[in-house]
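> Got a predicted structure plus its sequence, pasted below:
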Amino acid sequence: MVFGNLTRDPEARALPSGGQVCSFGLATNRVYKKADGTKAEQTEFHNIVVFGRQAETCAQYLKKGSSAYVEGRLQTRTWEGEKGKQYKTEIIAERVQFGPRPGGSGPRTVEEAPQKAPKEETIEYPEEDINPDDIPF
């Protein structure tokens, strides 16, 4: 489980089987105190891979800087490259939840601003006291 911000726009591709795959980078921060009492921050970068319908949704709604919560499993791929045997560890996402949008969820333009609600009608109550004997029940 990781929660962080996207480091790049998601890249969507189609698999030969017809399924969808989406990959993106996610940065997570850890703030802690050092032995001398000073505050330190450490950033980790993760490669995320999403398959299926969730991949389409991620490609459509996420962008660089968006926050996301990802649950998944680790998988390490190996291949022979120019530099010899190379490795890449990725999180294969089983669940992705989008975080709050930057700038809040308020309207983005004046045209999208909600109209003022009509003034609520007020009930006029009598100024005199009500006699309990006048109540019919």
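Received it, and whenever you're ready, just let me know what you need.
> Which strand or helix spans A55?
Secondary structure from DSSP states H and E places A55 in helix 53-61.
> Okay, now the sheet partners of whichever helix or strand comes after that helix, with direction.
Following helix 53-61 in sequence order, the next helix or strand is strand 67-81 (DSSP H and E). As defined by DSSP bridges, the strand partners of strand 67-81 come to strand 2-6 (antiparallel), strand 84-98 (antiparallel).
> Touching the last one from outside, list them.
Identification of contacts with strand 84-98 by C-beta atoms under 8 Å, 6 or more residues apart in numbering yields 2, 23, 26, 46-51, 54, 57-58, 61-62, 66-80. Heads up, the C-betas are built off the backbone N, CA and C, glycines and all.
> Alpha carbons of it, as PDB, please.
Provided in PDB are the C-alpha atoms of strand 84-98 (Å, rounded to 0.1, in the frame of the first residue of the first chain):
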ATOM      1  CA  GLY A  84      24.100  -7.000 -18.900                       C
ATOM      2  CA  LYS A  85      21.300  -8.400 -16.700                       C
ATOM      3  CA  GLN A  86      18.800  -5.600 -15.700                       C
ATOM      4  CA  TYR A  87      16.100  -5.500 -13.200                       C
ATOM      5  CA  LYS A  88      12.900  -3.400 -12.700                       C
ATOM      6  CA  THR A  89      10.700  -3.700  -9.600                       C
ATOM      7  CA  GLU A  90       7.100  -2.600 -10.100                       C
ATOM      8  CA  ILE A  91       3.900  -2.500  -8.100                       C
ATOM      9  CA  ILE A  92       1.200  -4.400  -9.900                       C
ATOM     10  CA  ALA A  93      -1.900  -2.500  -8.800                       C
ATOM     11  CA  GLU A  94      -5.000  -4.400  -7.700                       C
ATOM     12  CA  ARG A  95      -6.700  -1.300  -6.400                       C
ATOM     13  CA  VAL A  96      -6.200   2.400  -7.200                       C
ATOM     14  CA  GLN A  97      -8.100   5.200  -5.500                       C
ATOM     15  CA  PHE A  98      -7.700   8.800  -6.600                       C
END
